[in-house]
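>>> how does the following fold in three dimensions:
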Amino acid sequence: MRIGVIISDEPRINDEIRVSQVRLIGPNGEQVGVIATTVALNLAKEANLDLVEVAPNAKPPVAKLIDYGKYKYNEKIKAREARRNQSTAEIKEIRFRLKIDAHDFEVKKGHVIRFLEGGDKVKVTIMLRGREQSRPIGGVELLERLADEVQDYGTVESAPKQEGRNIIMTLAPKGKKVHTQSEQRRRGAESRAERQARQAARLAAKQESKAKAAQAAKEAVASVEQKEDKPSK
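Residues are numbered from 1 along each chain as shown. Here you go, the predicted model:
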């Protein structure tokens, strides 16, 4: 029994590859073929690249010529972007009374829309009091009205149903939060590009102005020199 052996998920690279032959893939994906590992290592050194084992269980193992440091960096960037793009949807809850006035209904509807636009699910609860429990149809109708008025932002995931003294409905957003984040990033990128374009335009204008000023000064000096060189009458 081997104790203390650490199994790494990292691929073997360069001198860590102990097999005698590999099926080599070039840096641009070209199939080089089966060659001696020592020859593949020499090719990697000549190209200032790394020999990386990408399919160790193949016979012979498949290895590729890549810049491993750059590859690892790009993988970290991709993983960071993937984590950033993950939808972290929550379930928000909004509570209504059966006898809610028009103003309060609109206010609470606005909260529901805001949650849905943010990519979160919304649990809508109608709280029944006393005799209201004997006629829950009014609560169902209120929830159906709400669902109809926010249909541009969300869909009914769980239809209205009575649970004890409450009637509950769940709404799910039509668009994922990641879509909102992507749109925000796209707008941010566009804004940065516009700023950079404006800066480049200002810099170009400044350089052109300097060039014109230098040319004007040069012409002025030349004019003075010509006057000095003219023989006086």
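>>> when you work out contacts or count neighbours from here on, use the C-alpha atoms and nothing else.
Fine.
>>> host element of residue 71?
Assigned by DSSP states H and E, residue 71 belongs to helix 68-85.
>>> pull the CA atoms of that helix into CSV?
Extracted in CSV, the C-alpha atoms of helix 68-85 (Å, rounded to 0.1, in the frame of the first residue of the first chain):
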residue,chain,number,x,y,z
TYR,A,68,1.8,25.8,-21.2
GLY,A,69,2.1,29.0,-19.2
LYS,A,70,-0.1,30.9,-21.6
TYR,A,71,-2.5,27.9,-21.7
LYS,A,72,-2.8,27.9,-17.9
TYR,A,73,-3.4,31.6,-17.8
ASN,A,74,-6.2,31.4,-20.4
GLU,A,75,-7.8,28.5,-18.5
LYS,A,76,-7.8,30.6,-15.3
ILE,A,77,-9.5,33.5,-17.2
LYS,A,78,-12.1,31.1,-18.6
ALA,A,79,-12.8,29.7,-15.2
ARG,A,80,-13.2,33.2,-13.7
GLU,A,81,-15.5,34.2,-16.5
ALA,A,82,-17.6,31.0,-16.0
ARG,A,83,-17.9,31.7,-12.3
ARG,A,84,-18.9,35.3,-13.0
ASN,A,85,-21.5,34.2,-15.5
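>>> which positions within the helix or strand following that helix qualify as buried?
Downstream of helix 68-85, the first helix or strand assigned by DSSP H and E is strand 91-97. Across strand 91-97, burial judged by 16 or more other Cα atoms under 10 Å covers 92, 96, 97.
>>> so for strand 91-97, mean pLDDT?
Mean per-residue pLDDT for strand 91-97: 90.
>>> what's the answer for stretch 73-84, then?
80.
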